[in-house]
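**Student:** Mind folding the following:
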Amino acid sequence: MLKQQQAEGELLSVYGKLIAITIIAMVLAVFSYRYFDQVERVSAQGQSIEHQRLLRILVTLKSQWLSKGQPRYLNLDWHQVIPATANSKSPREIQFVKMSRQGWPIPDFETVQGCTKLWSALMGKEIDADIDVKYQSQQSVCRYVFDSGYSVSYQLSSGRVIYTANGQKVP
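**Tutor:** Predicted coordinates:
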């Protein structure tokens, strides 16, 4: 009888440990789900900030273009606004951006490289590695796709900027 009680005690101990491990695994699953959900939200917020920044820059350039008599090129003097870092343009390097007849910045060449250079000139820094640049020649659109699935499309002819999340337009 004593051996049976010992076996039952060990069995109950094992069941208790299994239940404890199961509960811990469930708690970790809930916390990890919430954590990764927050990471995605923060990432989306970062892309939204880039989108808003691009919109403000485009409006500022359009205003400068109008006030300076609609020149073909505008001087971008970002080093007065953004401190020099390893990732930004040198303060001595003057950036010029070509303007369309409607007053919107356009790349020198309508290619992926042209869109990449345009982004760098407008944002005042080199393009991040997690951004895939595409050029759609039929619509004359520079598209910047982030690893997270968000994208910013810039229509060169109209200056329109479209922000999409996983293929759906975001207001």
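**Student:** and the helix or strand encompassing Gln47, what other elements does it pack with?
**Tutor:** For Gln47, the host element (DSSP states H and E) is helix 2-67. If you count contacts as 3 or more Cβ pairs under 8 Å, 6 or more residues apart in numbering; DSSP states H and E, helix 2-67 packs onto strand 73-76, strand 95-99, helix 112-123, strand 150-155, strand 161-165. Glycine gets a C-beta too; all of them are placed from N, C-alpha and C.
**Student:** Next secondary structure after the third one?
**Tutor:** Under the assignment DSSP H and E, the closest C-terminal helix or strand after helix 112-123 is strand 131-136.
**Student:** rewinding a little: winner for burial among the helices and strands packed on helix 2-67?
**Tutor:** strand 150-155 (a mean of 20; mean count of other Cβ atoms under 10 Å).
**Student:** can you list the residues that contact that strand?
**Tutor:** If you take Cβ atoms under 8 Å, 6 or more residues apart in numbering as the criterion, strand 150-155 is touched by 44, 47, 50-51, 54, 115, 118, 139-145, 160-166, 170.
**Student:** Once you drop chain neighbours, what's closest to Lys134?
**Tutor:** Nearest residue to Lys134, sequence neighbours excluded (Cβ to Cβ, 6 or more residues apart in numbering): Arg143, at 4.4 Å.
**Student:** The one you found: neighbour count?
**Tutor:** 19 (other Cβ atoms under 10 Å).
**Student:** any idea whether it is helix, strand or coil?
**Tutor:** Assigned by DSSP: H, G, I helix; E, B strand; the rest coil, the conformation of Arg143 is strand.
**Student:** tell me the contacts of it?
**Tutor:** Arg143 touches Cys115, Val133, Lys134, Tyr135, Gln136, Ser151, Val152, Ser153, Tyr154, counting by Cβ under 8 Å, 6+ apart.
**Student:** The residue nearest in space to the middle of the chain and Arg143, how far apart?
**Tutor:** By Cα atoms, centre = their mean, the chain has its centre lying nearest to Gln47, at 3.4 Å. Plainly put, Gln47 is 13 Å away from Arg143 if you go by Cβ to Cβ, to the nearest Å.
**Student:** Over to Gln4?
**Tutor:** For Gln4, the distance to Arg143 - Cβ to Cβ - is 72 Å.
**Student:** Poorly predicted segments of the chain, please.
**Tutor:** 37-45, 78-94, 166-168, 170-171 (pLDDT under 70).
**Student:** angle of the helix holding Gln47 against strand 161-165?
**Tutor:** Orientation of helix 2-67 against strand 161-165 (axes from the mean of the first three to the mean of the last three Cα atoms, to 10 degrees) gives an angle of 170 degrees.
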